[in-house]
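Chemist: here are the coordinates; sequence isn't available:
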């Protein structure tokens, strides 16, 4: 395999040099926020960190975390580190409850973002002349526009299809000979399903690479997508508060997502004690942005659970790899005192061949006791079997879930195509304890 | 509270004394503009001839030697390009650069047949941003401005054009895209938006929702609107300006030629200045194809002068307008076009989305149990375009009540939506109730024309 790099100087930088660069940029960032954001000036003064004398990563630990709540309180523009006439773009979260979180970019920030994504897409083999169908939603959501400018920076052809209208997506994929697809992994599966109904043979299309993100997904889902769409599927990670998509992305070795460490400094903490833990152990990912002007964040809690790997990758890149996100510290379900992540359930289900990759976890409280069940679709053949065969199949799945996770989960098999599909982020959990309805 | 500072206000940047984004070209003499146009026209014709088989054949067939174009008058020897040419060469057949130089593709909004596809190189995108930045800057938009873009983003060109232009000026852009009107208003209020970009009918709808939730535009910072995507009248402009307390500029463009940025009103609001260093406009008689004189009403035709990936030679827009060459008080010398006043074909524009009756017909006729008799009814209710289609069902369905008609309506609506991309209400009618025609069927009843 011939390995080429978009920016070998940065991507292959020795650990030592990379850390020097990080430290230097970290200091610059602290000075920036100290001088320009009153929220951070107070924070740094209160914890006694002098940004002008900042000299070690350990010192960072003295600074309290920044949370989504901090962003809400400072809505809309109080976290900005530049005057509005230096800001050229804002994005924001959908803000279903209360104020949305607003993020800001200067021209420099937009350029850095484009360059990071170009680097990542290049690493996946995308080149100028490649036709990249971008089916992330465009607008205030960072997915669409973020990927978009990376594609253009790289010099490939961006097709800004945005989300939805799946039949049209497939027509464009065929007619424009799209070679790469960007969207959520659940939407990729939906495209595969609709394509199959329309009689499309993905083996005959030009699609070769998928860049999927914006929701956690397992390796089992990867295998499904790769088989159904006949592509290589890669995981891209990001969150708007930190930048948007591109904070980390896999390389072709699919063994962890390289964090763009020249721009983001990662830490892993224990979400219960909030102490730094060993980076190689699973905990909550925390980022400090070290290359942003408009709205840098110091020790931002992502709520995403992962672990880090600092060994140099087979691809030669030195940037640390995070494992696929295994869940959110928020999404962690506590079932009669046991911590359960939806991804654990997914992993078990996806190893069972007769099951379709569509499921819903339903949690409720009956007689003051937590109760969890999972609805799964089975293939046509299975479903048409006799009742007692279905029941036996259910028990066998329940047994597998129990032995992997350690709690009893009721399994309900559902007819094919009865579980709601998503065109964006999939909804995998309905927690009736919180008043949600399936 | 009200910070509607105009462009001669307290702006702490180097724009302070600058009146025009690009004064040299925007105020150049006619002679100089035409010299530039001729130079660029020659280059464009050669580029098309050399790099695209379709254009080569067209030019050869017309007996033109691309090296011998010597005056702007030679332009009318060149055959027209039409939307059908674009469709026939779907998807990339009219591109004049290799795909490796193309970085963006846009396409016309939802069609049942092939969409029209256009491509841009990096230089094209920069030219596009430059054209629109000039338009925005010259009416007073500066880097302090906060630009809320409520056009859709995606394959549609509306959102992207303004995004790049406003970022180029250094404005803060809110790429909010379309929909969720209350949220639009919350953003407008919380983020102090000073510029709104959307369709004129959506502007009025926002005004209406604002009234309902008790939001007064007097308390907002909005000062300019760049509105386009559909034809609108002076009375609509007055209404928008009065209700939103803004200056509303008519912005014109079409994806085949560029997207928004082909022309726009200046602060005189009396005709749309065409960016003549990048486009030549002509008015033709849509029936004979003959070029008409300045001031005569006819079909607008554009030739691009600087585009690389997707140049167009004499593209027929089907929009009806006329040209104005009198000097403008704003100081710009670019020729103006009157605001478009209709179409030469049956294309409908519904909330900014282009739609042909034939697209609806194609969907309906594929559905069993429908008769081939239908009527498309278009109206404007509360300033918003509405569209419904009345269609007859077969005797059998109607009398035997073998299916739930309401469910049937919904399923047709879904089919229309998935192939056309806009919501169209379906009303099933008894057999033989839709008026038959003895000549050309009347398929569209556009009540907006009766307003």
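Modeler: That came through fine. Remember, it's a predicted structure, so these values are computed and weren't measured experimentally. Numbering: from 1, shown residues only, chains lettered A, B, ... in the order given.

Chemist: how many other residues sit next to the residue in the stretch 1-150 of chain B positioned nearest to chain A?
Modeler: Nearest to chain A in the stretch 1-150 of chain B, going by CB to the nearest CB, is residue B:100, at a distance of 3.9 Å. Yep, even glycine has a C-beta here, placed from its N, CA and C like the rest. Residue B:100 has 14 neighbouring residues, counting by other CB atoms under 10 Å in any protein chain shown.

Chemist: for it, which three-state class applies?
Modeler: helix (DSSP: H, G, I helix; E, B strand; the rest coil).

Chemist: number of residues surrounding the nearest residue to it once chain neighbours are set aside?
Modeler: Distance criterion CB to CB, 6 or more residues apart in numbering or on different chains; nearest residue to residue B:100, sequence neighbours excluded, is residue A:129 at 3.9 Å. By other CB under 10 Å, 14 other residues sit near residue A:129.

Chemist: shaky segments in chain B?
Modeler: The model of chain B has pLDDT under 70 over residues B:1-16, B:109-113, B:400-403, B:437-441, B:451.

Chemist: sorry, wrong one. I was asking about the stretch 201-350 of chain A.
Modeler: Applying pLDDT under 70 to the stretch 201-350 of chain A flags residues A:337.

Chemist: and residue B:377, what element?
Modeler: Secondary structure from DSSP states H and E places residue B:377 in strand B:370-381.

Chemist: and that strand, what does it pack against?
Modeler: Where contact means 3 or more CB pairs under 8 Å, 6 or more residues apart in numbering or on different chains; DSSP states H and E, strand B:370-381 is packed against strand B:348-350, helix B:357-365, strand B:384-393, strand B:444-446.

Chemist: helices of the stretch 101-250 of chain A, start to end?
Modeler: A:107-123, A:142-154, A:166-175, A:185-197, A:219-229 (DSSP state H, counting those that start in this stretch).

Chemist: related to what we said a few turns ago, pretty sure the residue nearest to residue B:100 contacts residue A:156?
Modeler: Yes - counting by CB atoms under 8 Å, residue A:156 is a contact partner of residue A:129 at 7.0 Å.

Chemist: which residues do these two both contact?
Modeler: With contacts taken as CB atoms under 8 Å, 6 or more residues apart in numbering or on different chains, residue A:129 and residue A:156 have no neighbour in common.

Chemist: now do the contacts for residue A:25.
Modeler: A:262, A:290-291.

Chemist: how does it look with 10 Å?
Modeler: Listed by CB atoms under 10 Å, 6 or more residues apart in numbering or on different chains, the contact set of residue A:25 reads A:262-263, A:265, A:288-292, A:296.

Chemist: swap in residue A:332?
Modeler: Per CB under 10 Å, 6+ apart, neighbours of residue A:332: A:271, A:303, A:305, A:326, A:339-342.

Chemist: next, format these as TSV and append neighbour count and distance to chain B.
Modeler: Formatted as TSV, those follow (neighbours: other CB atoms under 10 Å in any protein chain shown; distance: CB to the nearest CB, whole Å):
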residue	neighbour count	distance to chain B
A:271	16	31
A:303	19	24
A:305	23	31
A:326	19	32
A:339	13	36
A:340	23	34
A:341	19	32
A:342	20	28
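
Chemist: residues in the stretch 201-350 of chain A within reach of chain B, list them.
Modeler: Within the stretch 201-350 of chain A, the positions near chain B by CB under 10 Å from any CB of the partner chain are residue A:294.

Chemist: backbone phi and psi for the closest residue to chain B within the stretch 201-350 of chain A, please?
Modeler: In the stretch 201-350 of chain A, the residue that lies nearest chain B is residue A:294 (9.7 Å; CB to the nearest CB). Per-residue torsions, residue A:294: phi -70, psi -40 (degrees, to the nearest 10).

Chemist: list the buried ones in the strand holding residue B:377?
Modeler: By 16 or more other CB atoms under 10 Å in any protein chain shown, the buried positions in strand B:370-381 come out as B:370-371, B:373-376, B:378, B:380.

Chemist: swap in stretch A:100-108?
Modeler: For stretch A:100-108, burial by neighbour count (16+ other CB under 10 Å) applies to A:100-107.

Chemist: first to last residue in it, what's the distance?
Modeler: Criterion CA to CA, to the nearest Å; first-to-last residue distance in stretch A:100-108 is 24 Å.

Chemist: hmm, it touching chain B?
Modeler: Yes - contact of stretch A:100-108 with chain B (CB under 10 Å from any CB) involves A:100, A:102, A:104-107.

Chemist: contacting residues for the closest residue to chain A within the stretch 251-400 of chain B?
Modeler: Nearest residue of the stretch 251-400 of chain B to chain A: residue B:309, at 9.8 Å (CB to the nearest CB). Contacts for residue B:309 (CB under 10 Å, 6+ apart) come out as A:157, B:92, B:94-99, B:101-105, B:118-125.
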